[in-house]
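Trainee: any chance you can model this:
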Amino acid sequence: MKKRIAAILLAALLLSGLSPEPSAAAAAGTRLSAKSKTLTTGQSFTLKVKNAKKKASFRLSKKGIVKLSKKKKYSVRIKAVKKGSVRVTAKTGRKKLSCKIKVKAKKTPTASPSGTPARKLTTGRTAAPAPSTVPSAAPSVPSAVPSSVPSTVPSAVPEDDGNIAYAGNVSSEMCQASYWIGKSENPDKVLLSESDIAALNQKILRTDGAHMQDLANMDASFNSISLRDSLANASTPNKCSFVNGVEMEDKEGYYEAMRQNIRGAEASEHDTVRYALCVRRANHKSWPTDDCIGNSATDADDELQSSALVVNEPVIVKLTTADQKFSYAVSSNCTGWVETERLAFCHSKEEWLEAWQGTGTDFLVVTTDRITLEPSEREPETSRIELSLGCRLNLVPENEIPDSIGERGRWNNYVVYIPVRDKDGSYVKKPALISQHCRVHIGYLPLTERSLLNTAFECLGNRYGWGGMLESMDCSLYTRSIYRCCGLELPRNTTWQTAIPTGNYDVSKMSRSEKESLLDEMPAGTLLMFSGHIMMYIGKDGGKYYVISDLGTVYDEEGTAGGDAVKSIYSVVINTLDVRRGSAAPDGSRTWLSHLIWFIRPWAPQ
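Mentor: From the prediction side, this is the model:
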């Protein structure tokens with residue numbers, strides 16, 4: 001009996017083993033080809049819905065991390081755009097399936113101009129590739145790459161973005177200068193030589209629409225009575241009725257007090273100009289006041305602000321108010337009132353010229369957004385001085401360098417002359433130290449795409465400041481400061497910059513496609529302008545055109561439905577030309593691209 005039962009069970013088992021199994025599809029059911037995926041920016045993969053009977057639709061939990069394309073009945077192509085996490089949901093019939101995607105930033109190695117991996121110096125500058133151990137028998141041939149390598153070395157893509165936000169279609173790797181330098185066919189091509197830059201600077205000085213001042217050749221004698229009366233009789237500015245956010249009770253009385261201060265200035269028919277240098281960053285304003293004057297209680301801009309002076313910037317002073325607090329100064333690109341205590345007056349024109357007209361490599365240029373000198377108890381005049389982008393300082397000659405500067409020795413520091421205001425207001429030059437790691441360049445940067453991109457990205461994220469207020473920059477002061485690091489002196493305002501005598505394009509009558517075709521030919525560093533804003537073109541990616549600029553407000557490219565969510569940015573940012581303005585262009589579009597009216601190439605022949 002036991003044997004019979006065992007035989008029956010064995011037969012049953014054999015029969016069950018031979019019976020057909022359910023199909024793999026039936027066992028698995030409708031499912032995705034992947035439940036999770038990790039990608040690096042730029043990578044793509046196809047996500048498929050398996051065993052689906054109805055067409056699938058795909059949606060993202062949030063935009064910007066990945067991009068969906070090549071959608072088919074049961075699949076979609078997914079491309080990683082920027083670092084982050086996102087969930088892709090596929091819906092087929094009543095069934096919903098999801099795949100979690102994590103995107104990591106791609107690390108972009110920094111390469112030297114020749115393509116050889118670069119060595120990093122403690123100065124923050126890129127060294128030349130290490131020399132070969134085998135001497136060459138051939139004579140040396142001048143390299144096409146300039147010997148003066150830009151000091152700004154792009155940093156690596158951060159491992160973690162933290163909570164940084166970006167404009168639509170901007171990824172973390174796009175926020176590195178190296179990303180756009182890598183897209184250039186020849187980033188180290190010198191667009192304009194030093195001698196050509198010097199010649200162009202002189203040409204700009206003679207261009208009426210540029211409104212530049214030839215300080216070195218300005219007449220020393222003038223009628224200060226006429227100037228004083230003209231300034232004192234200026235009409236009261238319209239709308240400027242708020243002082244530091246509070247509405248004026250007596251607007252006319254406020255401005256009349258400033259007029260009286262101007263009328264009390266010493267003046268004569270045959271006066272002589274005074275030569276001065278800026279000792280601390282200073283506001284350049286249309287009226288002699290340090291108040292912030294706005295059009296409303298919430299106006300973030302000082303409407304009287306015209307520009308800003310950086311340390312060691314030369315000016316010619318023509319008048320000083322009765323209370324001595326403000327001086328009417330002419331800079332290379334602006335005229336207006338400056339706080340007198342921020343100026344040091346030279347004993348002669350020759351001393352003044354020597355302080356800011358260095359030649360060759362006997363000076364350095366600040367190529368980062370700002371450098372703050374180290375604090376010092378013994379040298380209070382140079383303690384914590386802020387040096388802004390484009391600031392130029394003479395190097396102290398070896399035979400003039402003291403054994404110690406304050407309480408410090410000179411090792412691992414540049415030694416520069418800083419202009420200081422003496423007790424009587426006169427100019428004194430004092431040696432000071434700039435740490436070797438600070439981003440500076442000996443002499444001007446070569447005018448190349450690499451230099452322009454590296455310099456522009458040094459300010460990414462910095463706040464906006466109308467006319468240079470708040471020790472910051474506005475859009476045109478930003479572009480001017482970038483080119484200033486290469487020795488090219490652009491005018492102050494947006495419309496003035498369009499007037500420079502170079503090969504510029506009026507694109508106001510062009511269609512979108514015509515502008516795009518022309519942009520495809522433009523190198524990084526080209527300035528793009530529409531009424532009220534100027535920006536720097538950095539390159540094309542994924543069919544979109546990207547710019548970097550110091551801006552106030554903007555409508556994001558992907559905005560809300562209807563696109564009416566204005567964003568107050570007030571920072572240096574990267575965005576595409578598909579972001580929008582509040583008003584429509586002649587063709588009905590609101591994009592920045594449709595509003596562009598000028599392409600400016602500061603290096604191109606006219």
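Trainee: please point out which parts of stretch 515-534 sit buried.
Mentor: 515, 519, 522-530, 533-534 (16 or more other CB atoms under 10 Å). From N, CA and C alone the C-beta is placed, and that goes for glycine too.
Trainee: quick one: which of the residues you listed sit in strands?
Mentor: 527-530, 533-534 (DSSP state E).
Trainee: check the offset of stretch 327-344 from the chain's centre.
Mentor: 26 Å (CA atoms, centre = their mean, to the nearest Å).
Trainee: can you name the residues that contact the residue nearest to residue 468 when sequence neighbours are not counted?
Mentor: Among residues not flanking residue 468 along the chain, residue 308 sits closest, at 2.7 Å (CB to CB, 6 or more residues apart in numbering). Contacts for residue 308 (CB atoms under 8 Å, 6 or more residues apart in numbering) come out as 281-284, 388, 465, 467-469, 471, 473, 477.
Trainee: repeat that for residue 430.
Mentor: By CB under 8 Å, 6+ apart, the neighbours of residue 430 are 379, 381-382, 417-418, 420.
Trainee: give me the element it is part of.
Mentor: Assessed by DSSP states H and E, residue 430 sits inside strand 427-435.
Trainee: neighbouring strands - and their directions - for that strand?
Mentor: strand 413-421 (antiparallel) (DSSP bridges).
Trainee: returning to what we had before: distance to residue 504 and pLDDT added to the buried residues of stretch 515-534, as JSON lines?
Mentor: Shown next, in JSON lines, are these (distance: CB to CB, whole Å; pLDDT from 0 to 100):
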{"residue": "515", "distance to residue 504": "14", "pLDDT": "97"}
{"residue": "519", "distance to residue 504": "14", "pLDDT": "97"}
{"residue": "522", "distance to residue 504": "11", "pLDDT": "97"}
{"residue": "523", "distance to residue 504": "14", "pLDDT": "97"}
{"residue": "524", "distance to residue 504": "17", "pLDDT": "98"}
{"residue": "525", "distance to residue 504": "13", "pLDDT": "98"}
{"residue": "526", "distance to residue 504": "10", "pLDDT": "98"}
{"residue": "527", "distance to residue 504": "9", "pLDDT": "98"}
{"residue": "528", "distance to residue 504": "11", "pLDDT": "98"}
{"residue": "529", "distance to residue 504": "9", "pLDDT": "98"}
{"residue": "530", "distance to residue 504": "14", "pLDDT": "96"}
{"residue": "533", "distance to residue 504": "16", "pLDDT": "97"}
{"residue": "534", "distance to residue 504": "12", "pLDDT": "98"}
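Trainee: mind pulling up the pLDDT for the residue lying closest to residue 412 once chain neighbours are set aside?
Mentor: Take residue 412 and drop its neighbours on the chain: the residue closest to it by CB to CB, 6+ apart is residue 436, 4.6 Å away. With respect to pLDDT, residue 436 has a value of 97.
Trainee: check residue 566 too.
Mentor: Looking at residue 566, its pLDDT is 67.
Trainee: regarding residue 238, what is its secondary structure?
Mentor: Classification of residue 238 using DSSP: H, G, I helix; E, B strand; the rest coil returns coil.
Trainee: how far away is it from residue 251?
Mentor: Distance, residue 238 to residue 251, by CB to CB, to the nearest Å: 11 Å.
Trainee: okay, helices next: where are they in the stretch 301-450 of the chain?
Mentor: 349-356, 449-457 (DSSP state H, counting those that start in this stretch).
Trainee: tell me who's in contact with residue 277.
Mentor: Residue 277 sits in contact with 312-315, 343-344, 346, 352, 355-356, 419, 427, where contact means CB under 8 Å, 6+ apart.
Trainee: what sits against residue 265?
Mentor: Residue 265 touches 224, 228, 319-322, counting by CB under 8 Å, 6+ apart.
Trainee: mind running it again at 7 Å?
Mentor: Applying CB atoms under 7 Å, 6 or more residues apart in numbering, one finds that residue 265 lies in contact with 228, 319-322.
Trainee: okay if I get the contacts of residue 277 as TSV plus pLDDT?
Mentor: Shown next, in TSV, are the contacts of residue 277 (pLDDT from 0 to 100):
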residue	pLDDT
312	98
313	98
314	98
315	98
343	98
344	98
346	98
352	97
355	95
356	95
419	98
427	98
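Trainee: now residue 402: closest residue in space that isn't a chain neighbour?
Mentor: Residue 402 sits nearest to residue 431 (CB to CB, 6+ apart), 6.3 Å away.
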